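Trainee: model this:
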Amino acid sequence: MDDWRIVKKYNEAFLKFRQEEVIDMDKKQLPKLHFTVYRLEDRLKELNGVVPTNRESSYYIAFIRKGAGVKTIGFTRFPIVDNMLMIIPPRAIHGGAYSSPDYAGYVVGFSIEYFLDNRFPRQLITDKLIFKRSLRPYLVLDVDQGCKVQAIFEQLLQEHLHPENPHGHSEMIALRILELMITCDRLFADSNLIEEGVIYPEVVDRFNDLLEKYFSTKHSVTFYAGALNMHPNTLNSLVKKHTGRSAKDVILSRVVMEAKYYLTHSSLSVKEIAHRVGFGDPNYFSYFFRRATQQSPGDIVKLKTK
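Mentor: Have a look, this model is predicted:
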């Protein structure tokens, strides 16, 4: 199945499941999308400019050439403006709505498997600073920067839709994506949004990947250390060395972030949210949340309604 037909399937899923608080695209039995690139205006016409809140395991980079609206990526909510670069890491909750009818831009989505299939090493993706979850997920570019990013997207589209030569087609697309990622890394670094040289070792990245997969059900360091074939104390030491926090703190912070998202962006009850983040007892969840944030879940809900 070609990627545009898969994108159509994704749009159909967005429309079918848009009443869900967060659509988990990985659980909707959709065909696997290893790579896609498209013009924003082409994709969103069917959705009336609205992307329902969703998450999936692909990487996404978007460039908004022009438009206005509101976007949420993770726990960050921000206005959409012209010349905006947006980064969506795998499994990050995101959604948005365009209030202007003349929005335009580009989106590229890809999986790790696309690069592995083309004999590119995994580290080319995982070492990119733009996909670190601590990074602010957007950047407003100046005119020259915007033109540079737009040119890469146009080259990607050209290679994808109208290649001059079919030989090495997939490898050339992978190279164009890599060029885009490196350009984005440089733009974010030049804007002082990331510290140069802050690259986590592979084991910390693997821990973060496991955490994204299991944080809603597994809260113990022992589980993650076992999955990584190391002692819990070793994992704690490594994570603290490279993040400044223990593995346990990172796990609990991820649970709190997810809970805060649902408390502020959904109509779910505290009991339902507790269940979603791995607590069978809502009273214990409330105790855990208050201890971690000095606020009760109810306090967060009240702030939302003000």
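
Trainee: residue boundaries of the helices in the stretch 151-300 of the chain?
Mentor: 169-190, 202-214, 221-227, 232-243, 247-265, 270-276, 282-293, 297-305 (DSSP state H, counting those that start in this stretch).

Trainee: Among the ones you listed, which comes closest to residue 108?
Mentor: Ranking these by proximity to residue 108 (CB to CB) places helix 169-190 first, at 6.3 Å. Bear in mind the C-beta positions are built from the backbone N, C-alpha and C, glycine included.

Trainee: any idea of the mean pLDDT for the closest one?
Mentor: Averaged across helix 169-190, pLDDT comes to 93.

Trainee: follow-up on the earlier one: can you put the helices of the stretch 151-300 of the chain in a markdown table and add distance to residue 79 and mean neighbour count?
Mentor: Below are the helices of the stretch 151-300 of the chain laid out as a markdown table (distance: least, CB to CB, whole Å; neighbours: other CB atoms under 10 Å):
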| stretch | distance to residue 79 | mean neighbour count |
| --- | --- | --- |
| helix 169-190 | 19 | 18 |
| helix 202-214 | 27 | 17 |
| helix 221-227 | 36 | 17 |
| helix 232-243 | 30 | 17 |
| helix 247-265 | 16 | 19 |
| helix 270-276 | 27 | 18 |
| helix 282-293 | 26 | 16 |
| helix 297-305 | 19 | 13 |
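
Trainee: Those helices: which one's closest to residue 131?
Mentor: That would be helix 169-190 among the helices of the stretch 151-300 of the chain, by CB to CB, at 8.3 Å.

Trainee: quick one: residue 102 from residue 62, how far?
Mentor: The gap separating residue 102 from residue 62 is 17 Å, by CB to CB, to the nearest Å.

Trainee: swap that for residue 189, please
Mentor: 19 Å.

Trainee: same check, this time on residue 18
Mentor: 20 Å.

Trainee: With neighbour numbers in mind, choose between these two.
Mentor: residue 62 (22 against 15; other CB atoms under 10 Å).

Trainee: Would you confirm that that one belongs to a strand?
Mentor: Yes: applying DSSP: H, G, I helix; E, B strand; the rest coil, one finds residue 62 inside a strand.

Trainee: Can you tell me who it pairs with across the strands?
Mentor: Beta-bridge partners recorded for residue 62 (DSSP bridges): residue 86, residue 107.

Trainee: didn't it look like it was pressed against residue 80?
Mentor: No: using CB atoms under 8 Å, residue 62 is not in contact with residue 80; the gap is 9.9 Å.

Trainee: Which one, of the helices of the stretch 151-300 of the chain, ends up nearest to residue 51?
Mentor: helix 247-265 (13.9 Å).

Trainee: on that earlier part again, let me have the helices of the stretch 151-300 of the chain in TSV, extended by distance to residue 57.
Mentor: Converted to TSV, the helices of the stretch 151-300 of the chain look like this (distance: least, CB to CB, whole Å):
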stretch	distance to residue 57
helix 169-190	16
helix 202-214	9
helix 221-227	17
helix 232-243	22
helix 247-265	16
helix 270-276	18
helix 282-293	26
helix 297-305	28
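
Trainee: Select, out of the ones you listed, the one closest to residue 76.
Mentor: helix 247-265 (10.4 Å).

Trainee: what about that closest one, average pLDDT?
Mentor: Summarised as a single mean, pLDDT over helix 247-265 is 88.

Trainee: List of residues touching that helix?
Mentor: Residues outside helix 247-265 that contact it (CB atoms under 8 Å, 6 or more residues apart in numbering): 21, 53, 72, 74-75, 93, 207, 211-212, 215-216, 219-221, 224-225, 232, 235-236, 239-240, 243, 245, 268, 270, 273, 276-278, 285, 288-289, 292-293, 297, 300-301, 303-304.

Trainee: if we go to 7 Å?
Mentor: 75, 93, 207, 211, 215-216, 219, 221, 224, 235-236, 239, 243, 268, 273, 276-277, 289, 292-293, 297, 300-301, 304 (CB atoms under 7 Å, 6 or more residues apart in numbering).

Trainee: Ok, stretch 170-187 next?
Mentor: 35, 61, 85, 87, 108, 110, 114-115, 118, 120, 124, 128-130, 139, 141, 145, 148-149, 152, 155-156, 159-160.

Trainee: Next step: these restricted to strands.
Mentor: Among those, the ones falling in strands (DSSP state E) are 35, 61, 85, 87, 108, 110, 139.

Trainee: Provide a list of residues in contact with the third one.
Mentor: For residue 85, the contacting residues are 63, 138-139, 141, 149, 184, 187, taking CB under 7 Å, 6+ apart as the criterion.

Trainee: Which residue, other than its chain neighbours, is closest to it?
Mentor: Distances taken as CB to CB, 6 or more residues apart in numbering place residue 139 nearest to residue 85, at 4.7 Å, with adjacent residues excluded.
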